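Asks: sequence-free structure coming up:
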């Protein structure tokens, strides 16, 4: 039997979309921006790719330009761009940055320093202690920035969301009657050649809970499948039918056909090829 709703009844928005994305909007949260800033790494990991690339490029460009401004200011204060005349001879002072004749060449020096390219034509001289300290600070800041941004990209690439797309659930969840009773059933399979291991499945039924004198909206009932009673883990070498026996403790007990409910099935496992944990969520 397929769980349906009357067409006249206004459907309630899903808590979880069919593709597994959480369809919940948080409102009225105080200090939201501060909370995101405290966990900036995971916040950036969950950011869209176009913003990640924008942050990656702008972060490096900004660091090169900022330190180039430092070098340029130190060179300007040191008088590297001024020529002196003594005894009818033009004297060029020893510069802070060798061959740093303008902002463009100093910007190139900043880029070469942070990326450790070091072509050799531009380098800092020992006559300017401020430039030496700036080179030290840029080397440290550049290493931290590169590690931070590279870590974000690697973590985002390794997220198992793509692997979860190969875990398929049946489009229809059904309630059937057998000799041993009634069962709520759903079918799941893995189309990837590299199977997942250590797989566990649990489910949540979201529906309105009616009590004496009140109704609690979106009450969550957690339930297990019959297969889980014998085996804590399942294997998806072939499609598997998961069954939940309907008992008086089950949320489906005395269920009316017009009941507005949502069943969220959560499958968790580990990818055999990468060893990364994976979670697949499906609603019915």
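Replies: Received, thanks. The structure presented is a predicted model; accordingly, all values stated were derived computationally and were not measured.
Asks: tell me the strands in the protein, going along the chain?
Replies: Applying DSSP state E to the chain gives strands spanning 84-86, 89-91, 167-169, 174-178, 181-190, 196-211, 214-223, 240-245, 261-271, 277-283.
Asks: For the fourth one, name the packing helices and strands.
Replies: When contacts are defined as 3 or more Cβ pairs under 8 Å, 6 or more residues apart in numbering; DSSP states H and E, strand 174-178 sits against strand 181-190. Where C-beta positions appear, they are placed from N, C-alpha and C, glycine not excepted.
Asks: Next, the angle from the strand it packs on to strand 196-211.
Replies: If you take axes from the mean of the first three to the mean of the last three Cα atoms, to 10 degrees, strand 181-190 sits at 140 degrees to strand 196-211.
Asks: Residues touching strand 181-190, excluding its own?
Replies: 166-170, 173-177, 196, 201, 226, 236, 238-247, 250, 252, 263, 265, 267, 282, 284 (Cβ atoms under 8 Å, 6 or more residues apart in numbering).
Asks: Also stretch 65-78?
Replies: 81, 93, 95-97, 100, 103, 106-107, 109-110, 113-114, 127-128, 130-131, 134, 137-138.
Asks: Buried ones only from the residues you listed, please, as a PyMOL command.
Replies: Here is the PyMOL command that selects the buried residues among these (16 or more other Cβ atoms under 10 Å):
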select buried, resi 95+96+97+100+106+107+109+110+113+114+128+130+131+134+138
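Asks: can you give me the helices in the chain?
Replies: 32-38, 40-45, 49-78, 103-114, 129-157, 161-164, 226-230 (DSSP state H).
Asks: could you dump these to TSV with mean pLDDT and distance to residue 188?
Replies: Formatted as TSV, the helices of the chain follow (pLDDT from 0 to 100; distance: least, Cβ to Cβ, whole Å):
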stretch	mean pLDDT	distance to residue 188
helix 32-38	71	34
helix 40-45	81	27
helix 49-78	92	29
helix 103-114	93	49
helix 129-157	90	26
helix 161-164	67	12
helix 226-230	53	11
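Asks: Buried deepest among those, which one?
Replies: helix 103-114 (a mean of 20; mean count of other Cβ atoms under 10 Å).
Asks: just to revisit the earlier point, looking at the helices of the chain, which is nearest to residue 16?
Replies: Closest approach to residue 16 among those is made by helix 161-164 (13.0 Å; Cβ to Cβ).
Asks: Residue 37 is nearest to which of the strands of the chain?
Replies: strand 277-283 (26.2 Å).
Asks: quick one: average pLDDT of that closest one?
Replies: Taken as a whole, strand 277-283 has a mean pLDDT of 58.
Asks: looking at the helices of the chain, which is closest to residue 191?
Replies: So among the helices of the chain, helix 161-164 is nearest, using Cβ to Cβ, at 11.1 Å.
Asks: List the residues that contact residue 145.
Replies: Contacts of residue 145 by Cβ under 8 Å, 6+ apart are 59, 60, 63.
Asks: In this structure residue 138 contacts residue 112, no?
Replies: No - counting by Cβ atoms under 8 Å, residue 138 stays clear of residue 112, with 10.7 Å between them.
Asks: how far away is residue 184 from residue 242?
Replies: 9 Å (Cβ to Cβ, to the nearest Å).
Asks: same thing with residue 99?
Replies: 71 Å.
Asks: who has more neighbours, those two?
Replies: Remark: of residue 99 and residue 242, residue 242 carries more neighbours, 23 against 13, as counted by other Cβ atoms under 10 Å.
Asks: State the number of residues packed around the closest residue to that one other than its chain neighbours.
Replies: Computed as Cβ to Cβ, 6 or more residues apart in numbering, the closest residue to residue 242 that is not its neighbour in sequence is residue 225, at 4.3 Å. By other Cβ under 10 Å, 21 other residues sit near residue 225.
Asks: I'd like to know how far residue 225 sits from residue 250.
Replies: Taking Cβ to Cβ, one finds residue 225 at 11 Å from residue 250.
Asks: For these two, list the residues in contact with both.
Replies: Shared contacts of residue 225 and residue 250, counting by Cβ under 8 Å, 6+ apart, come down to residue 244.
Asks: related to what we said a few turns ago, which residues does the residue nearest to residue 242 contact?
Replies: So residue 225 contacts 201, 203, 242, 243, 244 (Cβ under 8 Å, 6+ apart).
Asks: Perfect, I'm done here.
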